[in-house]
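1. This is a predicted model, with the sequence first.
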Amino acid sequence: MAASAAPVDDNDPRAEQALWAAAALALDPQGLGGAVLRAQAGGARDAWVAALRVFLPTDAPVWRLPLNISDDRLLGGLDLAATLNQGAPVAQVGLLAQAHGGVVLAAMAERLSPSTTAQLCAALDSGQVRVEREGISRVSASRFALVALDEALADDTPLSAALADRLGLWLDLSQFSVRATLLVDQGMQQAVQEARALLPQVQTDEAMLQALCATTQALGVHSPRAAWQAWRAARASAALRGSLIVEAEDATRAVQMVLAPRATQQPQVQPEDTMESEPGEPPEPPEPPQQDSAPAPTPDEAESAPPPPAPSPPAGSPDEVEAEQSATPDEAKELQDQLVQAALASIPPGLLARLEQGETARGAAPAAGRSGAASASRNRGRPLGARAGAPHAGARLHLIETLRAAAPWQRLRQQQAEQAEQVAQAARSETADGRPGKVRTASATAPRVHVRVRVRSQDFHVRRFEQRRTTTTIFAIDASGSSALHRLGEAKGAVELLLAECYVRRDEVAVIAFRGRGAELLLPPTRSLVRAKRGLAGLPGGGGTPLAQGIEAATQLAHLVRRRGATPVIVLLTDGRANVTRSGEGGRARAQEEALQAARVLRAQGGHVLLIDTSPRADPAALALAVALGARYLALPQANAQALSRAVAGGRG
């Protein structure tokens, strides 16, 4: 496979690995579960998908998953048109059932709704789709491979961890050229076809399995699926080589494609136990205790075939089992070191830098550009389907879902209507004294109107929308003390940096300063950069620390922000040392207790709070205040405007 695998434009050596991933997935789609393909839309991604189509069997279906697919189209449900025509429930097959034995391509997989993600995970786990709704009860086979096309950038919401965990191969094509084209020749297709027949016969020894599990643990991958997927990838690699035994090179490929991209910690490589002794150095004694009593072989004997042992124990005896078990750890350890070295070589440099800082592969901080919390809306925002309910108070009727709810009951309602019509006709034909046939009303001779669809109030469904609320970041700044000017300068710079992002996110910023005997709202919630600079220009500093009043002012402003429909985020910059009470009098102990009480009130109100400790060293008083607030604590004794802006962006997520 290596000879023909290369991008046409720049001969990138990673093309062989990309083509191997496509061949392995086509060879064992259900065993590997699928692939996470990180790449923007372009030539490299299209070339990899085209290669996958070539490697798949000719009868394997390939379906594209729409981003906002409905549950009835994904899982199956009621065929509305056929049901209305026949007057009885008619089921339709969902996309996952249609993709049985094939591949599902999910573009922009990082934006899939939680409902769709959960349905995909359930189908990947069980291999079937169960539908129990709208008068339909059906179970369909659904064994497929999912290719999640992850187009997320650095600041976007990452792909669902639950979905990514079920996909064995992780491939990053973001560094490929946009003109990259992967070449697949006839020999490569033939190799995949032959490997498909060979795969069920591939064997893996115990030492290889132990090495794969130990490598998974060394990389900090705690999901048991990862080791299983690495084993399936190693078997696919052996089959592609035409071998019936999984070798070290097969396990190396599996580690590079399955385990290395999921690493959450820097693996510790142990030095080799046995080294070749230099001239003049005595050889190290062998480690296994079983060899202490055995004579050491001479050089001539070592070069020749090993001598036959004295009477060999019968097969399955305790001595033979003990000998096999004593040799397995050494082989597994040697393989583990080799696999860990391969994982280190294939981990991207950026990931290694994040691992050294204790972060995960996709970053620990939430995206800075995300908007506020999501809230339900009746008539504005992103459509979320429908819910049962009457169209009142501004809610709009969802006609399709209303008809879908009414369709299964048409035959029964038609029978009930005919029976009611017969009863009414008999009642109209009776005379006033109870004798039939002499008195008829005008309505008795009127033509009967045929109702095509009978809809009742319990069938009504209204549209659902999700609307993102704006975020208002409230800076509560401790402007007291001799270092107030330095902290205020940092706060001013952070506010200006955040305001530059507010034009994109439509967020607002407010500033509260507390010093002396009270707190003051210097900057009401605004997105105006000119107004913010004007309000911050004359911000004074010095005096005592009325911490309780500052927290109460931030609490009141956050309450007003919520009433306006926005999401408040409070950023408290202080050293946590209160010395002014609510009444404006001095007294450190009482002021500290009042500050903790105000913090508990703010915590009960809920919301996101970030406390930035501005003292030269981490202060226990600030840490205790953060605990009372239920806030994220961040010690930034030497923070600048950029650091504060990043901290606020992380706390806002």
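-> Sure, I can see it.
2. drop to CA atoms for contacts and neighbour counts, all remaining ones
-> Fine.
3. mind listing the strands for the stretch 151-300 of the chain?
-> For the stretch 151-300 of the chain, strands defined by DSSP state E, counting those that start in this stretch occupy the ranges 169-172.
4. which stretches of it have low pLDDT?
-> Counting by pLDDT under 70, the ranges of the stretch 151-300 of the chain that qualify are 154-156, 176-181, 268-300.
5. try it again with 80
-> Scanning the stretch 151-300 of the chain for pLDDT under 80 picks out the ranges 152-157, 174-187, 265-300.
6. Can you list the residue ranges for strands in the stretch 401-550 of the chain?
-> Going by DSSP E, counting those that start in this stretch, the stretch 401-550 of the chain shows strands at 461-468, 471-478, 508-515, 518-526.
7. what's the burial count for residue 142?
-> 23 (other C-alpha atoms under 10 Å).
8. actually residue 511, not the one I typed
-> Neighbours of residue 511 (other C-alpha under 10 Å): 25.
9. ditto for residue 86
-> 12.
10. What separation is there between it and residue 100?
-> Computed as C-alpha to C-alpha, to the nearest Å, the residue 86 to residue 100 distance reads 28 Å.
11. Same check on residue 93?
-> 11 Å.
12. Worst mean pLDDT among the strands of the stretch 401-550 of the chain?
-> Sorting the strands of the stretch 401-550 of the chain by mean pLDDT places strand 461-468 lowest, at a mean of 71.
13. Test my guess that residue 395 contacts residue 461.
-> No. Counting by C-alpha atoms under 8 Å, residue 395 does not reach residue 461; the two are 9.6 Å apart.
14. of those two, who's got more company?
-> Each of residue 395 and residue 461 has its neighbours counted (other C-alpha under 10 Å); residue 461 has more, 25 against 17.
15. Run through the residues that contact that one.
-> 386, 387, 388, 389, 390, 391, 397, 398, 399, 401, 402 (C-alpha atoms under 8 Å, 6 or more residues apart in numbering).
16. which among those end up buried?
-> 386, 388, 389, 397, 398, 401, 402 (16 or more other C-alpha atoms under 10 Å).
17. so which of those comes closest to residue 567?
-> Nearest to residue 567 among the buried ones among the contacts of residue 461: residue 386, at 25.4 Å, using C-alpha to C-alpha.
18. Neighbours of residue 605, how many?
-> Neighbour tally, residue 605, other C-alpha under 10 Å: 11.
19. Please apply the same query to residue 249.
-> 15.
20. Same check on residue 420?
-> 12.
21. I'd like the distance between it and residue 406.
-> 19 Å.
22. Kindly report the same for residue 234.
-> When residue 234 is compared with residue 406 (using C-alpha to C-alpha), they lie 53 Å apart.
23. Please say which of these two ends up with more neighbours.
-> Ranked by neighbour count (other C-alpha under 10 Å), residue 234 and residue 406 place residue 234 first, with 29 against 23.
24. Now compare the buried ones among the contacts of residue 461 and name the two farthest from each other.
-> Most distant of those, by C-alpha to C-alpha, are 389 and 401, 11.1 Å apart.
25. can you list residues touching both of the two?
-> Common neighbours of residue 389 and residue 401 (C-alpha under 8 Å, 6+ apart) are 460, 461.
26. Could you dump the contacts of residue 461 into a markdown table and include distance to residue 635, pLDDT and secondary structure?
-> Putting these into a markdown table (distance: C-alpha to C-alpha, whole Å; pLDDT from 0 to 100; DSSP: H, G, I helix; E, B strand; the rest coil) gives the following:
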| residue | distance to residue 635 | pLDDT | secondary structure |
| --- | --- | --- | --- |
| 386 | 46 | 75 | strand |
| 387 | 47 | 74 | strand |
| 388 | 49 | 80 | strand |
| 389 | 50 | 75 | coil |
| 390 | 52 | 74 | coil |
| 391 | 52 | 72 | coil |
| 397 | 52 | 77 | strand |
| 398 | 52 | 77 | coil |
| 399 | 55 | 74 | helix |
| 401 | 53 | 77 | helix |
| 402 | 55 | 80 | helix |
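27. of these, closest to residue 261?
-> Closest to residue 261, out of all of the contacts of residue 461 and judged by C-alpha to C-alpha, is residue 386, at 38.9 Å.
28. Which residues does that closest one form beta bridges with?
-> Under DSSP bridges, the beta-bridge partners of residue 386 are residue 463.
29. hang on, it packs against residue 462?
-> Yes. Contact criterion C-alpha under 8 Å: residue 386 and residue 462 qualify, at 5.4 Å.
30. between these two, what contacts are shared?
-> residue 398.
31. Any chance you could list what contacts the helix or strand hosting residue 118?
-> For residue 118, the host element (DSSP states H and E) is helix 114-126. By C-alpha under 8 Å, 6+ apart, the list of residues contacting helix 114-126 from outside reads 33, 69, 71, 96, 129, 142-145, 160, 162-163, 166.
32. Return the set of buried residues in it.
-> 116, 117, 119, 120, 121, 123, 124.
33. can I get the residues you listed in JSON lines with pLDDT?
-> JSON lines is the format used below for these (pLDDT from 0 to 100):
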{"residue": "116", "pLDDT": "91"}
{"residue": "117", "pLDDT": "92"}
{"residue": "119", "pLDDT": "92"}
{"residue": "120", "pLDDT": "94"}
{"residue": "121", "pLDDT": "94"}
{"residue": "123", "pLDDT": "94"}
{"residue": "124", "pLDDT": "94"}
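34. Distance of residue 136 relative to residue 150?
-> From residue 136 to residue 150 the distance is 34 Å (C-alpha to C-alpha).
35. These two: which is more packed in?
-> residue 150 (21 against 17).
36. Could you name the helices and strands sitting against the helix or strand where residue 44 lies?
-> Assigned by DSSP H and E, residue 44 falls within helix 43-55. For helix 43-55, the packing partners by 3 or more C-alpha pairs under 8 Å, 6 or more residues apart in numbering; DSSP states H and E come out as helix 15-27, helix 186-198.
37. Residue 534 is nearest to which of those?
-> Closest among these, using C-alpha to C-alpha: helix 15-27, at 55.3 Å.
38. Please identify the buried residues of the closest one?
-> 15-27.
39. who touches that helix?
-> Counting by C-alpha under 8 Å, 6+ apart, 1-2, 5-7, 32, 34-35, 48-49, 51-52, 55-57, 145, 169, 171, 182, 192, 195-196, 233, 236-237, 240, 257 sit against helix 15-27.
40. Let's see the PyMOL selection covering just the buried ones among those residues.
-> Typed into PyMOL, the next command selects the buried ones out of these (criterion: 16+ other C-alpha under 10 Å):
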select buried, resi 1+5+6+7+32+34+35+48+49+51+52+55+56+57+145+169+171+182+192+195+196+233+236+237+240+257
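41. Low-confidence ranges, the stretch 551-653 of the chain, go.
-> 565, 584, 586, 614-619, 634-653.
42. Quick check: the gap between the nearest residue to residue 32 once chain neighbours are set aside and residue 235.
-> In space, and not counting its chain neighbours, residue 32 is closest to residue 168: 4.9 Å by C-alpha to C-alpha, 6 or more residues apart in numbering. Distance of residue 168 to residue 235, computed by C-alpha to C-alpha: 13 Å.
43. Then residue 19?
-> 16 Å.
44. relative to helix 186-198, how tilted is the helix holding residue 44?
-> Between helix 43-55 and helix 186-198, the angle comes out at 60 degrees (axes from the mean of the first three to the mean of the last three C-alpha atoms, to 10 degrees).
45. Alright, calling it a day.
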